[in-house]
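Enquirer: missing the sequence, but the structure's below:
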């Protein structure tokens with residue numbers, strides 16, 4: 001089975017299509033998420049806001065849709081909703097510590113000089129490097145003294161040493177490097193510097209805080225922590241927490257993003273509560289955060305592919321970035337995530353049915369499409385269930401279902417299940433179920449937002465995200481509907497009430513305009529809104 005391609009005029013050239021032409025034809029390519037012009041994309045890097053303009057760098061291979069000899073791609077935005085390609089920022093050197101790739105890192109302001117701290121990759125080894133940029137962030141020069149940390153700490157057997165979190169504290173720079181200690185677990189290693197070039201190792205910030213040894217456990221913390229990120233959240237009612245965000249890796253396998261909340265003080269971090277950062281598992285990975293000029297803590301992650309690599313190669317592209325999310329903390333200490341408000345600027349005209357109660361077997365058709373934003377407010381009595389059906393063909397051969405189930409017991413919670421078992425007829429696509437439990441109030445009221453962008457689904461239920469990929473093979477897999485099953489998952493289900501207080505859907509406009517270029521030249525873009 002060949003995945004559908006969007007229609008395009010026949011080529012009048014004998015030349016094979018370029019990567020950008022292949023990517024533009026693929027009906028599974030997102031349109032309002034950040035994607036590379038073509039080729040390969042993985043981790044978001046160097047997130048920040050400079051003079052009112054947002055910048056996203058990302059791991060990039062402009063030559064093929066595979067992870068190889070990674071560059072840094074670059075896009076910018078005035079509003080976090082529409083994006084412009086910027087020149088490629090970092091290119092692997094002909095020699096030196098980044099000869100085989102410029103791996104993940106961060107953007108900092110070094111006394112007015114934009115500076116990237118990243119992992120240079122050479123011969124299977126990663127070491128920290130620095131590059132300085134022009135004021136407009138379009139031209140970058142690696143430091144001649146790279147690597148700025150020439151070796152891993154003495155006397156330690158590490159499972160990895162890469163990715164960076166850098167901040168200013170007490171007049172000095174501090175840095176975390178993702179790592180793992182053999183036989184103990186993942187780790188974040190702490191360094192300190194006066195100038196971003198000469199670093200002193202202070203020791204592990206935290207090592208191997210692992211509540212589970214089972215790699216299939218969604219809370220397994222791995223043997224290596226990638227993309228470590230430390231930040232502080234302050235919320236309502238005096239809530240406060242230090243957050244250590246990381247991605248759990250084990251023996252080269254990428255598992256999921258997790259976050260410890262706890263206390264950072266002096267040279268250590270005391271973990272107190274472990275959170276699944278996204279219920280989507282491996283399909284949301286390598287998140288990085290930054291604080292914008294409004295004071296918001298924003299996070300963007302890598303939305304991995306869930307189809308065979310040869311299919312991605314044939315279509316000329318792989319990988320997307322999640323929509324920017326704002327992360328806050330509630331009085332109970334839970335992490336709450338929501339798409340940034342600016343995303344709503346891409347909405348078209350709303351469509352939605354009136355509020356109504358659903359009886360077993362009822363179906364409510366919503367706005368059809370594969371590029372939508374949906375908001376729901378539902379009330380589920382104990383034992384009740386409601387389904388949101390997405391990307392459905394008229395005959396139901398292909399469809400994806402989001403189940404929301406309130407258990408019959410006394411707990412105020414909702415079980416969320418994304419059933420992808422019939423999402424695609426394409427062989428070897430990952431159709432694994434994604435699921436988790438989210439809080440609900442005593443009345444069973446739950447808010448749901450779903451952002452559907454071709455193959456990318458980002459679900460937010462009561463502030464808990466679930467990100468996944470689906471790849472229908474048929475171009476008519478556009479149906480969207482709310483359904484109440486005839487037989488709920490519990491014996492009490494048929495007697496339980498399901499009320500839809502609100503259901504609204506909007507078509508979404510593209511975040512990109514005009515043709516894309518694998519090697520974008522510097523362009524003059526408008527400044528931030530007045």
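Expert: Structure's in. What do you need? As the structure is a computational prediction, the values presented were derived from the model and not from experiment.
Enquirer: helices of the chain, residue ranges please.
Expert: Remark: helices of the chain, listed N- to C-terminal, are 19-25, 309-315; assignment by DSSP state H.
Enquirer: out of the ones you listed, flag the one nearest residue 209.
Expert: Closest to residue 209 of those is helix 309-315 (Cβ to Cβ; 33.0 Å). To be clear about C-beta, it is placed using only N, CA and C from the backbone, and glycine gets the same treatment.
Enquirer: need the residues that contact that closest one.
Expert: Where contact means Cβ atoms under 8 Å, 6 or more residues apart in numbering, the residues beyond helix 309-315 that reach it are 3, 22-23, 25-26, 28-29, 64-66, 305, 318, 426.
Enquirer: so of those residues, which ones are in strands?
Expert: Among the contacts of helix 309-315, DSSP state E puts residue 318 in strands.
Enquirer: in a markdown table: the contacts of helix 309-315, plus pLDDT, neighbour count and distance to residue 226.
Expert: Listed next are the contacts of helix 309-315 as a markdown table, based on pLDDT from 0 to 100; neighbours: other Cβ atoms under 10 Å; distance: Cβ to Cβ, whole Å:
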| residue | pLDDT | neighbour count | distance to residue 226 |
| --- | --- | --- | --- |
| 3 | 56 | 21 | 30 |
| 22 | 98 | 19 | 29 |
| 23 | 98 | 23 | 26 |
| 25 | 97 | 15 | 33 |
| 26 | 98 | 20 | 28 |
| 28 | 98 | 26 | 26 |
| 29 | 98 | 21 | 26 |
| 64 | 98 | 17 | 23 |
| 65 | 98 | 26 | 21 |
| 66 | 98 | 14 | 19 |
| 305 | 98 | 23 | 18 |
| 318 | 98 | 25 | 18 |
| 426 | 95 | 19 | 29 |
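Enquirer: so how many other residues sit close to the closest residue to residue 370 other than its chain neighbours?
Expert: With Cβ to Cβ, 6 or more residues apart in numbering as the measure, residue 454 is the residue that lies nearest to residue 370, at 5.2 Å, once sequence neighbours are left out. Per other Cβ atoms under 10 Å, the neighbour tally for residue 454 reads 23.
Enquirer: wait, residue 454 touches residue 28, no?
Expert: Yes: because the distance of 5.3 Å satisfies Cβ atoms under 8 Å, residue 454 is recorded as touching residue 28.
Enquirer: roughly how far does the residue nearest to residue 30 when sequence neighbours are not counted sit from residue 346?
Expert: Nearest non-adjacent residue to residue 30, counting by Cβ to Cβ, 6+ apart: residue 453, 4.2 Å away. Summarising the geometry, the distance separating residue 453 from residue 346, computed by Cβ to Cβ, to the nearest Å, is 10 Å.
Enquirer: ok, residue 402 next?
Expert: Using Cβ to Cβ, one gets 21 Å for the distance from residue 402 to residue 346.
Enquirer: more crowded one of those two?
Expert: Taking other Cβ under 10 Å, residue 402 and residue 346 do not tie; residue 402 has more neighbours (24 against 20).
Enquirer: show me what contacts that one?
Expert: With contacts taken as Cβ under 8 Å, 6+ apart, residue 402 has the following neighbours: 387, 388, 389, 390, 416, 417, 418, 419, 448, 450, 459.
Enquirer: distance between the ends of stretch 398-417?
Expert: From the first residue to the last, stretch 398-417 extends over 17 Å; the measure is Cα to Cα, to the nearest Å.
Enquirer: now that stretch, how far from the centre of its chain.
Expert: 23 Å (Cα atoms, centre = their mean, to the nearest Å).
Enquirer: buried residues in that stretch?
Expert: Counting neighbours by 16 or more other Cβ atoms under 10 Å, one finds that the buried residues in stretch 398-417 are 398-408, 413-417.
Enquirer: which non-adjacent residue is nearest the residue most central in space within the chain?
Expert: Most central residue of the chain, judged by C-alpha distance to the mean C-alpha position with Cα atoms, centre = their mean, is residue 301 at 2.4 Å. With Cβ to Cβ, 6+ apart as the measure, residue 287 is the residue that lies nearest to residue 301, at 3.7 Å, once sequence neighbours are left out.
Enquirer: in contact with residue 19, which residues?
Expert: Listed by Cβ under 8 Å, 6+ apart, the contact set of residue 19 reads 38, 39, 62, 64, 65, 316, 317, 518.
Enquirer: from residue 241, how far off is it?
Expert: Taken as Cβ to Cβ, the spacing of residue 19 relative to residue 241 amounts to 43 Å.
Enquirer: repeat for residue 442
Expert: Distance of residue 442 to residue 241, given as Cβ to Cβ: 25 Å.
Enquirer: what do you get for residue 479?
Expert: As judged by Cβ to Cβ, residue 479 and residue 241 stand 41 Å apart.
Enquirer: closest to residue 379 out of the contacts of residue 19?
Expert: Minimum separation from residue 379 among those (Cβ to Cβ) is found for residue 317, which lies at 41.2 Å.
Enquirer: tell me the gap between stretch 438-452 and the middle of its chain.
Expert: 21 Å.
Enquirer: do stretch 39-52 as well
Expert: Chain-centre distance of stretch 39-52: 12 Å, with Cα atoms, centre = their mean.
Enquirer: and the contacts of residue 402, which of them are buried?
Expert: Burial by neighbour count, judged by 16+ other Cβ under 10 Å, picks out 387, 388, 389, 390, 416, 417, 418, 419, 448, 450, 459 from these.
Enquirer: dump those to TSV, plus distance to residue 510 and pLDDT.
Expert: Compiled in TSV, the buried ones among the contacts of residue 402 are given as follows (distance: Cβ to Cβ, whole Å; pLDDT from 0 to 100):
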residue	distance to residue 510	pLDDT
387	29	98
388	24	98
389	25	98
390	20	98
416	29	98
417	31	98
418	25	98
419	29	98
448	24	98
450	19	98
459	21	98
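Enquirer: follow-up on the earlier one: can you tell me which of the contacts of residue 402 is nearest residue 485?
Expert: Minimum separation from residue 485 among those (Cβ to Cβ) is found for residue 387, which lies at 6.4 Å.
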